[in-house]
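K.L.:
quick check, what structure comes out for this input:
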Amino acid sequence: MRQLALRRKILITDDSEINRMILCDMLEEDYDIIEAQDGEEALNILEEKHAEIDLILLDCMMPKMDGFQVLMELSRKHWKDSIPVIMISAENDQAFVVRAYKLGALDYINRPFNSVIVRHRVESIMRMHLKEQHLADVAAEQIIAKHENNNMMVHILSGIVEFRNGESGLHIIHVQALTDMFLRELLNITDKYSIANEERQMIAMAAAMHDVGKISVPYTILNKQGRFTDDEFEVMKLHTVAGAEMLNAIEAYRHEPLIKLASEVCRWHHERYDGRGYPDGLKGDEIPIAAQLVSIADVYDALTSVRCYKEAYSHEKAVEMILNNECGVFNPLLIQCLKNLADDIPEWIEEVTSEKLFDEDIHRIIENTLRPSNDR
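P.N.:
From the prediction side, this is the model:
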């Protein structure tokens, strides 16, 4: 839960200095006040201090950017979810009130201001919002606990696949970390994809299961030294379909959001943006964005890791190969993410690797368990 200062902060946004002074006089005894003279200044303040602001008093009619435009921007940046807004205006037109509520304002105060009404509504909205935050925090803690348990089982299952595939247990960690890294950057540079917070967490978790279908691939093909024959490659490609079918066959959980997401990732993480991937030849955003994110993360880690059929490429060479479409064509937005993140990826990978000792324990236990008894 957000730690509140002893005195909560209110951002008063009004182009009239007199109106701001009147509201300050009414509220400054109990609250810390920050002032903005128009919508643009308010958003600039929020860019730096949105985590500190407990309430916004927002004028409807202002030059440059009016209150309704500010409300839309608050929604776009997801600040409205954590900061309640009370609209203020001299307008009594019902259309103004309805529009304010539809855009997410929690209350509407008309001018001229009555100090008793203003103080009561400010305190009521803050109290209500604090209760909602508390309930949301409790729910979030329960979701996190559930996800941690799911994450453990996902890592165990994925560890079994990697042991059989002769790969390092770090591949799971790297693909998860890179998927999350690309996702965060994608949401920073575009509003094209609407992804809720809970789904963001599940995408990284589903990334760990992208190759679960390799359990169905014959060992001789899975760990072959050198290039596949055409027939062997056709068999290997079927791991995408097999993974999705395996997950969808779990009747009790097939409709769970995580399983549905993981199924999409399994089936489509080898699709390519130009339609030349497999198994279904999907093109562009026919490919779910989760599968696209896992795809570029998987390719990068495969290039920079040792495999039974190749040595590891350097980070610089791997990035160059992806940018040159040597590994298939990717979403231009994800290519931009790679360019933006390229300098930070090696350090980030090193950091998450050192933090995930738990996964090494999983891999060791799986290896000891699955090794034939006559080898022990």
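
K.L.:
so where is the stretch 101-250 of the chain shaky, pLDDT-wise?
P.N.:
133-169 (pLDDT under 70).

K.L.:
mind listing the strands for it?
P.N.:
For the stretch 101-250 of the chain, the strands defined by DSSP state E, counting those that start in this stretch occupy 107-110.

K.L.:
any chance you could map the helices in the stretch 51-200 of the chain?
P.N.:
For the stretch 51-200 of the chain, helices defined by DSSP state H, counting those that start in this stretch occupy the ranges 67-76, 94-102, 115-165, 170-189, 197-207.

K.L.:
over to the stretch 251-376 of the chain?
P.N.:
For the stretch 251-376 of the chain, applying DSSP H, counting those that start in this stretch gives helices covering 257-268, 289-304, 315-323, 332-341, 345-355, 357-370.

K.L.:
nearest to Leu27, out of these?
P.N.:
Among these, helix 332-341 comes nearest to Leu27, with 41.9 Å by CB to CB. No exception for glycine: its C-beta is placed from N, CA and C like everyone else's.

K.L.:
so which elements touch the closest one?
P.N.:
Counting by 3 or more CB pairs under 8 Å, 6 or more residues apart in numbering; DSSP states H and E, the packing neighbours recorded for helix 332-341 are helix 170-189, helix 289-304, helix 315-323.

K.L.:
what about 6 Å?
P.N.:
helix 170-189 (3 or more CB pairs under 6 Å, 6 or more residues apart in numbering; DSSP states H and E).

K.L.:
check the offset of the helix it packs on from the chain's centre.
P.N.:
Relative to its chain's centre, helix 170-189 lies at 9 Å (CA atoms, centre = their mean, to the nearest Å).

K.L.:
for it, C-alpha coordinates in PDB please.
P.N.:
Extracted C-alpha coordinates of helix 170-189, given in PDB (Å, rounded to 0.1, in the frame of the first residue of the first chain):
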ATOM      1  CA  LEU A 170      19.000 -20.300 -17.400                       C
ATOM      2  CA  HIS A 171      17.200 -20.200 -20.700                       C
ATOM      3  CA  ILE A 172      13.900 -20.100 -18.900                       C
ATOM      4  CA  ILE A 173      15.100 -17.200 -16.700                       C
ATOM      5  CA  HIS A 174      16.500 -15.300 -19.600                       C
ATOM      6  CA  VAL A 175      13.400 -15.600 -21.800                       C
ATOM      7  CA  GLN A 176      11.200 -14.600 -18.900                       C
ATOM      8  CA  ALA A 177      13.300 -11.600 -18.100                       C
ATOM      9  CA  LEU A 178      13.700 -10.500 -21.700                       C
ATOM     10  CA  THR A 179      10.000 -10.900 -22.400                       C
ATOM     11  CA  ASP A 180       9.200  -8.700 -19.400                       C
ATOM     12  CA  MET A 181      11.800  -6.100 -20.500                       C
ATOM     13  CA  PHE A 182      10.500  -5.900 -24.000                       C
ATOM     14  CA  LEU A 183       6.900  -5.700 -22.700                       C
ATOM     15  CA  ARG A 184       7.700  -2.700 -20.500                       C
ATOM     16  CA  GLU A 185       9.400  -0.900 -23.200                       C
ATOM     17  CA  LEU A 186       6.600  -1.600 -25.700                       C
ATOM     18  CA  LEU A 187       4.100  -0.100 -23.300                       C
ATOM     19  CA  ASN A 188       6.400   2.900 -23.000                       C
ATOM     20  CA  ILE A 189       6.600   3.700 -26.700                       C
END
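
K.L.:
all good on my end, thank you.
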